[in-house]
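K.L.:
here is a sequence together with a model predicted from it:
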Amino acid sequence: MTGSEIISKVWNFAHVLRDDGVGYGDYLEQITYLLFLKMAHEANKPAYNKGLKFPRLKNEKGVEIKDGDVCDWPTLADKRGAALESFYNQLLRSLSTEKGILGQIFTKSQNKVQDPAKLLKIIDMIDGEEWNLLGVDVKGKIYEGLLEKNAEDTKSGAGQYFTPRALIQAMVACIRPQPLKTIADPACGTGGFFLAAYDYIVENSKLDREEKAFLKNNTFYGNEIVANTKRMCLMNMFLHNIGEIDGKNFISSADALVADTGTRYDYVLANPPFGKKSSVTITNGDGKQKKQDLSYNRQDFWATTSNKQLNFLQHIKTQLKITGQAAVVLPDNVLFEGGAGELVRKELLKTTQLHTILRLPTGIFYAQGVKANVLFFDNKPASKDPLTKEVWIYDYRNNVHHTPKKRPMDFGHLQEFIKLYNPANRHKRSETWNKNNEGGRWRKFTLDEILARDKTNLDIFWIKDKSLADLDNLPEPDVLAHEIIENIESRLNSFKAIMETMKGK
């Protein structure tokens, strides 16, 4: 079958299962387990000859059953009916206790396809192809397509782990990562930033053997605390030729904010999860559970706060090498919030070169009510004077209308920003705004101008809203309706944040 035929087949079966109540997320999980197991089996055959060893079924205590079936692909593919369902359930539990990427892929794994006949169809579909012989682009398109479909399923909440690929590509195009450099993402989701950075390096560099090996095995490092999302990230990267099936695990399940590991990176690219507060669930003496705000007491942080976004920003600053560069998606509250927010902004301006802010439009994320920005900043050696001299802002929000499905933002929409950003030489930039033309989207502000603003507010905009002055040029009704929902969601989130603050006093 051709690549497009395989993609179509995988997609069609996703729709069949969805009609039976199996969501994209559950289907994606099973595809991940089965596809990884099949590719691991293929890796043991000529010409790969990896010599991977698979355990026998294990009991509840994790000890191998002496005469149990081997937890490998041929054994699974040979089962039928109730025996298939029983063996698959035991296989998932047994492999979850293994070491390395194998164990990481199967951590907390469960069978969500309760009909053995449909499970067999998925197995037969995967068994019918030699996946290691398929091009990386084909395997990647299949998996990325499923990830995006899963993100569209708003009930699952998966949208918060999926950053629009056009935005990721634009951020990478501005940062321009180079070979033999390390890249981190402390909240890596399904690995979108890693894949875009990998593609950029491959397409823009003539890599020698050392550089290829480093890119494959030593470039990317991330954290993802949600087991299923981490599994998808590992699989997504593996399908895109990052890492080895028996290699080291470069995605940690630890909360990145808990401590400074001491490791420093050349680049940090991230979109930390939406939501302001970090919290933990505690159990009282009477057995009742409640959530409690979590503040991270770290010596390297400028401010102690339960605001998750501010904590990620501080952590990312810590992660950077002295010459490191960062591009981070953050919500509006990081730009204007007082208290800890003001302190963090002042320290960021002082200790890094915060050179660019991209104001993003609403309607580009699958999670509604999000107003976000991309902050670009460089780490520098310590200095008596503030390292930031001026901040360039590109307002791609006012009078811009997008929705995730009908009018999604694509890479072409951000070409003007990339051109004005001028990644080849950031020191040669020209404003498109002037006093006689308030409509220009590209404008710079000096450090003195920013410090003079109340609370060092970086939520700066100057473009007039055309819809207020010209009723004949309103966006399409569905776009307008989506924007109204976005604005209501955003206001509700703000009110909730205020109430949480009041409760804490």
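P.N.:
That came in fine, so what should we check first? Numbers count the residues shown, from 1 in each chain.
K.L.:
is it correct that residue 336 is in contact with residue 455?
P.N.:
Yes: Residue 336 is within contact range of residue 455, at 6.8 Å (criterion: CB atoms under 8 Å). Quick note: C-beta positions are derived from backbone N, CA and C, even for glycine.
K.L.:
how does this structure divide into domains?
P.N.:
3-134, 153-501 (automatic domain parsing).
K.L.:
which among those domains is found nearest to residue 145?
P.N.:
Across these, residue 145 has its closest neighbour in domain 3-134 (6.7 Å, CB to CB).
K.L.:
show me where this protein has its strands.
P.N.:
Secondary structure of the chain (DSSP state E): strands located at 183-185, 220-223, 251-252, 265-270, 279-283, 289-293, 320-331, 352-359, 372-379, 390-395, 442-446.
K.L.:
find the centremost residue of this protein, please.
P.N.:
Nearest to the mean C-alpha position of the chain, by CA atoms, centre = their mean, lies residue 189 at 3.7 Å.
K.L.:
ok so, going back, need the least confident one among the strands of the chain, by mean pLDDT.
P.N.:
Among the strands of the chain, strand 279-283 carries the lowest mean pLDDT, at a mean of 47.
K.L.:
contacting residues around the residue nearest to the centre of the chain?
P.N.:
Residues in contact with residue 189 (CB atoms under 8 Å, 6 or more residues apart in numbering) are 161, 162, 163, 224, 229, 233, 271, 273.
K.L.:
surely residue 171 and residue 269 touch.
P.N.:
Yes: between residue 171 and residue 269 there is a contact under CB under 8 Å: 6.2 Å.
K.L.:
overlap in contacts, these two.
P.N.:
Shared contacts of residue 171 and residue 269 (CB under 8 Å, 6+ apart): 193, 327.
K.L.:
for residue 300, what are its contacts?
P.N.:
260, 314, 318.
K.L.:
pLDDT score assigned to it?
P.N.:
On the pLDDT scale, residue 300 gets 95.
K.L.:
how about residue 62?
P.N.:
Per-residue confidence (pLDDT) for residue 62: 86.
K.L.:
with adjacent residues omitted, what lies nearest to it?
P.N.:
In this structure, residue 62 finds its nearest non-sequential neighbour in residue 97, 4.6 Å apart by CB to CB, 6 or more residues apart in numbering.
K.L.:
these two touch, right, that neighbour and residue 58?
P.N.:
Yes: under the criterion of CB under 8 Å, residue 97 makes contact with residue 58 at 6.4 Å.
K.L.:
more neighbours, the two?
P.N.:
When neighbours are counted by other CB atoms under 10 Å, residue 97 and residue 58 differ, and residue 58 comes out ahead with 20 against 16.
K.L.:
show me what the more buried one is bridged to.
P.N.:
Legend: beta-bridge partners of residue 58 under DSSP bridges are residue 64.
K.L.:
and the gap between it and residue 44?
P.N.:
Computed with CB to CB, to the nearest Å, the distance linking residue 58 and residue 44 is 21 Å.
K.L.:
and for residue 322?
P.N.:
44 Å.
K.L.:
higher neighbour count, these two?
P.N.:
The neighbour comparison of residue 322 against residue 44 (other CB under 10 Å) goes to residue 44, with 16 against 10.
K.L.:
doesn't residue 52 make contact with the more buried one?
P.N.:
Yes: Residue 44 is within contact range of residue 52, at 5.4 Å (criterion: CB under 8 Å).
K.L.:
could the contacts of residue 300 go into a markdown table alongside pLDDT?
P.N.:
Listed next are the contacts of residue 300 as a markdown table, based on pLDDT from 0 to 100:
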| residue | pLDDT |
| --- | --- |
| 260 | 96 |
| 314 | 97 |
| 318 | 98 |
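K.L.:
ok, residue 96 - contacts?
P.N.:
103, 106, 107, 108, 109.
K.L.:
nearest spatial neighbour of the last one, skipping sequence neighbours?
P.N.:
Pointing back at residue 109 there. Closest to residue 109 by CB to CB, 6+ apart is residue 92, at 4.1 Å.
K.L.:
for residue 186, see how far away that neighbour is.
P.N.:
From residue 92 across to residue 186, the span is 29 Å (CB to CB).
K.L.:
and if you look at residue 336?
P.N.:
From residue 336 over to residue 186 (counting by CB to CB), the distance is 23 Å.
K.L.:
who's more crowded, the two?
P.N.:
Neighbours per residue, other CB under 10 Å: of residue 336 and residue 186, the larger number sits with residue 186, 22 against 17.
K.L.:
hmm, that one is touching residue 314, no?
P.N.:
No: with contact defined as CB under 8 Å, residue 186 does not reach residue 314; the gap is 11.0 Å.
K.L.:
so, low pLDDT: which residues of the stretch 351-500 of the chain?
P.N.:
366-369, 436-439, 467-487, 489-500 (pLDDT under 70).
K.L.:
run the last query once more with 90
P.N.:
Along the stretch 351-500 of the chain, the model assigns pLDDT under 90 to residues 362-371, 399, 401-408, 433-439, 463-500.
K.L.:
which residues of it fall in helices?
P.N.:
Assigned by DSSP state H, counting those that start in this stretch, the stretch 351-500 of the chain shows helices spanning 415-421, 447-451, 466-469, 477-503.
K.L.:
which residues touch residue 107?
P.N.:
Residues near residue 107 by CB under 8 Å, 6+ apart: 96, 227, 230, 231, 253.
K.L.:
ditto for residue 421
P.N.:
Contacts for residue 421 (CB under 8 Å, 6+ apart) come out as 174, 356, 376, 392, 394, 429.
K.L.:
at 10 Å what do you get?
P.N.:
170, 173-175, 355-356, 358, 376, 392, 394, 414, 429, 442 (CB atoms under 10 Å, 6 or more residues apart in numbering).
K.L.:
ramachandran angles for residue 71?
P.N.:
Backbone torsions for residue 71, taken as degrees, to the nearest 10, come to phi -80, psi 70.
K.L.:
residue 37 versus that one, what's the distance?
P.N.:
8 Å.
K.L.:
where in the stretch 101-250 of the chain is pLDDT low?
P.N.:
Using pLDDT under 90, the stretch 101-250 of the chain drops low at 101-104, 107-108, 113-115, 125, 128-164, 190, 227-229, 232, 235-241, 243-249.
K.L.:
now the helices: where do they sit in it?
P.N.:
Applying DSSP H, counting those that start in this stretch to the stretch 101-250 of the chain gives helices spanning 116-127, 136-152, 165-175, 192-204, 209-217, 227-239.
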